[in-house]
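S.K.: after the sequence you'll find the predicted model.
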Amino acid sequence: MSATSPIAAAAHVVVVGAGQAGFQTALSLRDRAHAGPVTVVGDEPGLPYNRPPLSKSYLTDRSGPASVLLREQMFYATRGIEVRAGVAVTRLDRDRRQVVLAGDERIGFDHLVLATGSRARPITVPGAGLDGVVSLRTLVDATRLRTWIGGPVRDVVVIGGGFIGLELAAAAATAGHHVTVVEAGERPMARAVAPELADHIAAEHCRRGVRLEVSTAVRSIVGRGGHAVGVELEVGEVIRADLVVVGVGAAANSELAGDADLALCPVTGGVLVDERLLTADPAISAIGDCATYPSRFADHPVRLESVQNAVDHARHVAERLVAGSSEPYDKVPWFWTTQFDLKIQTVGIGRPDDERRVVGDPASGAFSVLRFAADRLVAVESVNRPADHMAARRILAGDRRPGPADAQSPGFTLKSFLSVAA
Amino acid sequence: MPQITYIVDGASTTVDADGSSVMHTALRHDIAGIVAECGGNAMCATCHVYVENGPLAALPAISVAEEEMLECTLSPRAENSRLSCQLPVAPTIDGLVVRVAAEQA
């Protein structure tokens, strides 16, 4: 891999996307004393905000939208970061090194960072366009949703038992609504976590009054007067609904790159980048939710949707641009979610056929699932065991890893393994 | 308004505690070294500080979850280690002095 030259001190870095990744790119460029102009262009109104609370605390607390802003206006002025909010980029002109905005305004760049994120995947069943069928991705979505959740008791059906769907189900159930989650797979969160953990989460939802309908697809959304009133399952039953929330995953916003002839990953739909997070065009990087990159934690390129991934990618690119480093990106992926009193934390990337060992006692409500590939620890998924999570982050960053036999030896903890390793 | 002093790389900055927590106040004043990746949920350990001085008795006790998150942090855990997102701002914390951990997470 050839070394990358640092950008000129006066270089204009343009970031498309004003989410966590775009924000962090601008911040890290300034932290690393980049002197040239930095422009962040985002199609949502307002300043960059923190997305995780939108499906959790923001739905039920009374704080205003300002509570989720990553920084206030003053910060951007002080740091010399120009935020163009509510502005859509319509195309990239790679030959002229310009991004083209609606109305044909152009912004020239010396380096372009695509941090365009992902969007909620729509469902295509009949009735998907009815009033009362919503998805949750943006602050505008969440602000609308929380007026429903803060209102009178209703029947809420969540289509999709992934992280967003379950977080939302937990928030709505806590607020007293009647909540049903419909999941096409055998168990919720099956793609994201091990069955032991998925079952534990499902049981907690049931205990709190959430109804789970698994192994069934949605046939249609039933409407009356243009508004959703029910969700028809493939098995024929219709579940009453005042509100239908669709949480069936997210798709990478990679059209700008694709239209500009940058390669996309046929599996993930993300913008393909190398281990430095650079596209085939040396003037264009792609980071965060929209980027698919080779990871030392997986045997195939990955596209990850998490704050950690967005922030660490952004820092890596800022470092490369300012210092000219050609180091591969190598950060350990981790993720967290809260549902009811469950604090769920994952680290590493699991594979479906991993060997698994449970440490801790699931009956106590605190345990971790350790996942092994070829006798080496590759991922740890914890519920209410932050110490395991923190130790696992350190272990997975290094090369000395426990195997399944270690995990079964008396007195084993990830923390003790780490202290011996150190 | 209570005031908080942050020490970053040996340099002190005293600010009005106008955020909801010691972490949130640091972000509002662009204090370097407080990353706060999880937004204040004690899930990431990127707002690690050492409480150096001030009204220590006014601070809430460390919860089990915070205690566990402080194990295995990059900057070593010390007796005065805290996650600053778990320190709410109140009039009683006026004069608090915290040193921001050099490495976060």
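M.R.: Right, received. Where do you want to start?
S.K.: let me see the backbone angles for residue A:244.
M.R.: Main-chain torsions, residue A:244, degrees, to the nearest 10: phi -120, psi 120.
S.K.: go ahead and confirm it touches residue A:229.
M.R.: No. With contact defined as C-beta atoms under 8 Å, residue A:244 does not reach residue A:229; the gap is 9.5 Å. C-beta: built from backbone N, CA, C; applies to glycine.
S.K.: so which of these two has more stuff around it?
M.R.: residue A:244 (30 against 18; other C-beta atoms under 10 Å in any protein chain shown).
S.K.: what sits against the most centrally placed residue in chain B?
M.R.: In chain B, the residue lying closest to the centroid (C-alpha atoms, centre = their mean) is residue B:84, at 2.7 Å. Contacts for residue B:84 (C-beta atoms under 8 Å, 6 or more residues apart in numbering or on different chains) come out as B:21-23, B:26, B:34, B:47-49, B:98.
S.K.: what do you get if the cut-off is 10 Å, keeping everything else the same?
M.R.: Listed by C-beta atoms under 10 Å, 6 or more residues apart in numbering or on different chains, the contact set of residue B:84 reads B:4, B:6, B:19, B:21-27, B:31, B:34, B:36, B:40, B:46-49, B:51, B:96, B:98, B:100-101.
S.K.: okay, and which of these map to strands?
M.R.: Per DSSP state E, strands hold the following members of the contacts of residue B:84: B:4, B:6, B:48-49, B:51, B:96, B:98, B:100.
S.K.: most neighbours of all those residues, which one?
M.R.: Neighbour counts for the ones in strands among the contacts of residue B:84 (other C-beta under 10 Å) peak at residue B:48, which has 31 neighbours.
S.K.: now that one: closest residue in space that isn't a chain neighbour?
M.R.: residue B:101 (3.9 Å; C-beta to C-beta, 6 or more residues apart in numbering or on different chains).
S.K.: can you check residue A:19 too?
M.R.: Closest residue to residue A:19 in three dimensions, ignoring its sequence neighbours and counting by C-beta to C-beta, 6+ apart: residue A:117, at 4.8 Å.
S.K.: test my guess that the one you found contacts residue A:306.
M.R.: No. Counting by C-beta atoms under 10 Å, no contact exists between residue A:117 and residue A:306, whose distance comes to 11.8 Å.
S.K.: joint contacts of those two?
M.R.: What both residue A:117 and residue A:306 touch, as defined by C-beta under 10 Å, 6+ apart, is the set A:20, A:288-289.
S.K.: have a look at chain A and report its longest helix.
M.R.: If you go by DSSP state H, chain A has its longest helix at helix A:307-323.
S.K.: show me what counts as buried in that helix.
M.R.: Neighbour-count burial for helix A:307-323, with 16 or more other C-beta atoms under 10 Å in any protein chain shown as criterion, is recorded at A:307-322.
S.K.: cross-check those against chain B and keep the overlap.
M.R.: Contacts with chain B are made by A:307-308, A:310-312, A:315 out of the buried residues of helix A:307-323, judged by C-beta under 10 Å from any C-beta of the partner chain.
S.K.: those: which two are farthest apart?
M.R.: A:307 and A:315 (12.4 Å; C-beta to C-beta).
S.K.: find residues that contact each of those two.
M.R.: residue A:24.
S.K.: just grab the bridge partners of the residue lying closest to residue A:222 once chain neighbours are set aside for me.
M.R.: Of all residues not flanking residue A:222 in the chain, residue A:230 sits nearest, at 4.0 Å (C-beta to C-beta, 6+ apart). Counting by DSSP bridges, residue A:230 is bridged to residue A:222, residue A:240.
S.K.: same thing with residue A:367?
M.R.: residue A:360, residue A:383.
S.K.: quick one: it from chain B, how far?
M.R.: Distance of residue A:367 to chain B, computed by C-beta to the nearest C-beta, to the nearest Å: 13 Å.
S.K.: so what's that residue up against?
M.R.: A:196-197, A:200, A:358-361, A:381-385, A:388.
S.K.: ditto for residue B:55
M.R.: For residue B:55, the contact set (C-beta under 10 Å, 6+ apart) comprises B:2, B:90-96.
S.K.: those residues into a markdown table, with extra columns for secondary structure?
M.R.: Shown next, in a markdown table, are those (DSSP: H, G, I helix; E, B strand; the rest coil):
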| residue | secondary structure |
| --- | --- |
| B:2 | coil |
| B:90 | coil |
| B:91 | helix |
| B:92 | helix |
| B:93 | helix |
| B:94 | coil |
| B:95 | coil |
| B:96 | strand |
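S.K.: now these: which count as buried?
M.R.: B:2, B:93, B:96.
S.K.: wait, isn't the last one in contact with residue B:51?
M.R.: Yes. The pair residue B:96 / residue B:51 is scored as a contact, 7.1 Å apart, by C-beta under 10 Å.
S.K.: return the member of the shared contacts of residue A:117 and residue A:306 nearest to residue B:64.
M.R.: Comparing the shared contacts of residue A:117 and residue A:306 against residue B:64 with C-beta to C-beta places residue A:20 closest, at 28.6 Å.
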